[in-house]
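Visitor: Provided below are the primary sequence and the corresponding predicted coordinates.
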Amino acid sequence: SILSMTITDLIYLVTLFAATLAILYFVWKELFAIMFNRKLAEADGINTKPYIYLIIFLAGIVITFSLKLVGGLLIYALLFNPASTVLQFSENMRKVVVASPLIGMVTTVTGLFVSFFLDLPVGSCIVIVSTIVFAIALLLSPKRKRKEENGK
């Protein structure tokens with residue numbers, strides 16, 4: 001459970017977060033180019049293999065550590081729901097990278113409050129809140145509206 005984290009777990013989490021942010025800060029330009037279009041990044045002279053391995057390595061470390069703390073379902077919900085929510089409104093990678101963690105934090109805090117007030121399991125409440133936010137984004141998505149207009 002997320003509520004059973006120890007001080008040591010929290011220190012590891014903060015250290016991992018800081019290290020990941022630092023690494024991303026120094027290689028953001030290359031990662032952005034690769035995420036946007038790998039072939040174009042290669043044509044621009046970027047050796048993409050080390051960056052792809054870096055992404056896989058960072059994701060593996062973060063997921064492995066997080067699984068120990070909060071469990072698989074919560075990790076899945078916090079990895080995919082916030083990014084999928086933002087992608088309903090923008091395909092701008094910078095906006096996705098900035099807004100996704102914010103949505104993740106808001107849904108996590110909201111899930112914690114729901115759990116506290118309704119005396120329900122924390123992880124389940126966070127997943128439900130995150131999924132509801134994504135479902136609302138799907139309903140309000142400009143992309144969905146454009147598809148409906150083009151289909152008529």
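Guide: On my side now, so go ahead. Numbering: from 1, shown residues only.
Visitor: ok, so what distance separates the residue most central in space within the chain from residue 37?
Guide: Among the residues of the chain, the smallest C-alpha distance to the mean C-alpha position (CA atoms, centre = their mean) belongs to residue 79, namely 3.8 Å. To residue 37, residue 79 is 23 Å away according to CB to CB, to the nearest Å. Backbone N, C-alpha and C define where each C-beta goes, glycine included.
Visitor: same deal with residue 43?
Guide: Counting by CB to CB - residue 43 and residue 37 are separated by 9 Å.
Visitor: Likewise for residue 116?
Guide: Here residue 116 is placed at a distance of 45 Å from residue 37 (CB to CB).
Visitor: Ranking helices and strands of this structure by mean pLDDT, which lands last?
Guide: The helix or strand with the lowest mean pLDDT-type score in the chain, counting by mean pLDDT, DSSP states H and E, is helix 142-151 (a mean of 69).
Visitor: Any idea how many residues pack against residue 94?
Guide: One way to gauge burial is a neighbour count; for residue 94, by other CB atoms under 10 Å, it gives 10.
Visitor: how near is it to residue 80?
Guide: Between residue 94 and residue 80 the computed distance is 19 Å (CB to CB).
Visitor: Under the pLDDT cut-off, which ranges of this structure? List them.
Guide: Screening the chain residue by residue with the criterion pLDDT under 70, one finds the ranges 1-3, 144-152.
Visitor: Show me where it has its helices.
Guide: Taking DSSP state H as the test, the helices found in the chain are 7-36, 38-43, 48-70, 72-87, 93-118, 122-140, 142-151.
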